[in-house]
Structure formats: structure tokens, C-alpha cells
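S.K.: Return a 3D structure for these sequence lines:
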Amino acid sequence: MAVIYHAISATLLFWHGVWQRLLGDASALGTTWSWVLGIVFLVLTVRIILFPVFVKQIRSQRAMQALQPRIAELRARHRGDRETLQKEIVDLYRVEKANPLMGCLPMLVQIPVFLGLLHVLRHLKPTMPEHLKTLYGWSVAQFDSASSATLFGAPIAGTFRSTGAQVALLGGDTATVRIVAAVLIAAMIVTTYLSSRQLILRSGWAQDPQQRLVQRLMLYGIPASLLVSGLIFPIGVIIYWVTTNLFSLGQQTWMLRRYPPPTGGATDSGTPSGATGDGAPGGTQVAAARVPDEAGRRAAPKVGAKPNRHRRRGRAG
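M.R.: Residues are numbered from 1 along each chain as shown. Here you go, the predicted model:
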């Protein structure tokens with residue numbers, strides 16, 4: 001992990017240096033903008049680097065959706081024979097070069113980056129010995145500056161659960177830290193849910209039980225876990241998380257327009273692929289009912305049209 005710590009530190013220090021030259025050390029609204037913007041642009045740097053991975057994620061999801069009719073056929077053919085069914089599905093994925101785990105890859109790739117920033121920011125303590133302040137390429141002046149950096153008066157190294165003594169060492173106020181942290185934790189949970197929900201609703205619920213389990217974990221499990229883990233995250237880490245979620249919402253909007261989900265299919269949950277309903281019950285029946293209705297309307301004569309007597313005579317003869 002030392003390599004990751006150095007890489008995260010180097011990127012954060014680079015962007016802090018850029019914004020410090022532009023804005024100086026002055027703060028406004030109780031915020032040290034050079035450090036806050038340094039974290040924001042750390043997110044942008046990481047997401048730009050990982051952009052090809054997200055493109056592969058969307059393409060893989062489209063490939064998986066295109067295979068759903070064939071998977072449905074396999075389920076019908078091997079009903080009651082789970083072992084053979086799983087083998088046939090795995091073989092289908094291998095032949096078509098589709099990877100059901102690709103949907104989790106971007107999140108997994110970002111975990112080391114997140115852990116690296118978490119480690120670096122938790123390392124920021126004014127009482128840290130000077131020989132430890134220079135770890136990962138930091139200078140003593142940069143370390144001291146980051147240790148006192150704030151967002152709306154709350155130290156970015158502070159957490160919701162920081163004690164009064166810990167907050168005092170960082171030069172902050174316990175009430176301010178908890179208010180800022182609580183607002184950011186709420187924003188982190190909401191944006192995490194919205195990011196997952198946007199992708200799932202636009203792409204459709206997976207038919208494969210394992211894929212659907214992963215989707216439900218992303219949609220409900222991860223936001224719920226943040227309610228607990230967010231209490232121990234430094235404010236700077238939560239800034240990173242909220243920023244990356246907002247970036248994801250914008251990026252997914254663009255990518256879903258560029259790589260639209262296939263139309264005409266329906267998922268197990270009853271929601272047509274690409275629809276905006278969250279597994280609304282009865283969706284499949286409604287969609288199926290529309291087909292004969294539309295066919296009947298096309299075959300039926302228009303209102304006010306004269307009966308075709310020639311056709312009747314021909315049949316009679």
C-alpha cells in the first residue's frame with residue numbers, strides 16, 4: 001500500500017500547490033479552499049484515469065443484457081437441474097466474452113484509492129513527530145497546513161466521532177465538526193444511492209440471481225453501511241466520496257445516452273429494460289397485454305370505413 005499512499009499524496013499535493021498559487025493561503029467561509037479543491041481535483045484525476053474502465057463496464061452490461069433471452073432459454077431447458085444450468089451459463093459467458101463481475105470493477109478499482117486517502121488524512125495530526133510528517137513525500141510545512149485545513153470551520157481531518165480533545169488539537173469546535181460531518185454523511189448516502197439507482201433503472205434489473213444480488217447490494221447495502229462507517233471517516237474523505245458520486249451521476253448520464261440500453265426486453269422484476277420503474281409489479285403482464293391489443297387495432301377496420309364487400313364476395317365464391 002505504500003505505493004498507493006505515495007501516489008495519493010503526490011496527486012493531492014500537486015493540486016493543492018496549483019490552487020495555492022491561484023488562491024493563496026486565504027480562507028473564505030471558514031474553508032481552506034486550496035486543500036478542499038485539492039481533494040476535489042484528486043477525484044477528477046482518478047476518474048479521468050479510470051474512464052476506460054467505466055466504458056468497459058457499460059459495454060459489458062450491454063453484452064449481458066443482450067444475452068438475457070438466451071439465458072432465459074437455458075433456464076427453461078434445464079429447470080430443476082441447477083448444476084447443468086450454471087455450467088451452461090458459464091460456458092455462454094466464456095464464448096460471448098461477457099463478464100458478470102465487470103459491473104463491480106470500477107468500484108473495486110477505486111477502493112485502494114479511497115483507503116489511501118483515508119490513511120493519509122487520518123495521519124494528519126498536529127502532535128505527529130516531525131520525522132513522520134515527512135512520510136509519503138510531504139514537507140513539514142505542507143503537513144502543518146493540511147492539519148489546520150477546514151471546511152466551513154470543521155477540520156478536514158476531523159470525524160463525527162472525534163472527541164473534544166481531538167477536535168481541539170485540530171483547532172476546531174466539536175459542534176461544528178459534527179454538524180458539517182452529519183450533512184456530508186447524509187449527502188454521501190443519498191448520492192451513493194442515486195448513483196446506483198440511476199444505473200440500475202436505466203439498464204434494467206438483471207435476470208441472473210447472482211447479478212441481481214450484486215445490484216441490490218449496491219443499491220441498498222452500500223448506502224446503509226455508510227450510515228455507520230461514515231461516522232469514522234475524516235471530513236476530507238467524505239468530501240472525496242460525495243464528489244466522486246456527483247461525478248458518477250454526470251458521467252453515467254452521458255454514457256447511458258451514448259450507450260443506451262437495449263429496448264424491448266423485460267427483466268424478472270417486471271420492469272422493461274431501460275424503464276424508469278423500480279421493479280414495478282405487473283409490468284410484464286401489462287407489456288404483454290399491449291401486444292395483442294396493438295395487433296388487434298392494426299387488423300381492425302378504421303372507424304367509419306366502408307366494409308370491403310369485394311373481399312366477402314371472393315370468399316363466398
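S.K.: CA atoms for contacts and neighbours, from now on please.
M.R.: Will do.
S.K.: what mean pLDDT does stretch 248-256 have?
M.R.: Mean pLDDT, computed over stretch 248-256, is 85.
S.K.: So which residues make contact with it?
M.R.: Applying CA atoms under 8 Å, 6 or more residues apart in numbering, the contact partners of stretch 248-256 are 55, 58, 194-195, 198-199, 202.
S.K.: Render the CA-only coordinates of it in CSV, please.
M.R.: Coordinates of each C-alpha in stretch 248-256 appear next as CSV, following Å, rounded to 0.1, in the frame of the first residue of the first chain:
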residue,chain,number,x,y,z
SER,A,248,-20.6,9.4,-11.4
LEU,A,249,-24.1,10.8,-11.8
GLY,A,250,-22.9,13.1,-14.6
GLN,A,251,-20.7,10.5,-16.2
GLN,A,252,-23.4,7.9,-16.2
THR,A,253,-26.0,10.3,-17.7
TRP,A,254,-23.6,10.9,-20.6
MET,A,255,-22.6,7.2,-21.0
LEU,A,256,-26.2,5.9,-20.9
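S.K.: residues in contact with the closest residue to T163 other than its chain neighbours?
M.R.: Spatial nearest neighbour of T163, excluding adjacent residues (CA to CA, 6 or more residues apart in numbering): T174 at 7.3 Å. For T174, the contact set (CA under 8 Å, 6+ apart) comprises 162-164, 167-168.
S.K.: where does T174 fall, phi/psi-wise?
M.R.: T174 adopts backbone torsions of phi -60, psi -50, taken as degrees, to the nearest 10.
S.K.: what bits of the stretch 51-200 of the chain have low per-residue confidence?
M.R.: Residues of the stretch 51-200 of the chain meeting the criterion pLDDT under 70: 101-106.
S.K.: In this structure I39 contacts I239, no?
M.R.: Yes - between I39 and I239 there is a contact at 7.3 Å, judged by CA atoms under 8 Å.
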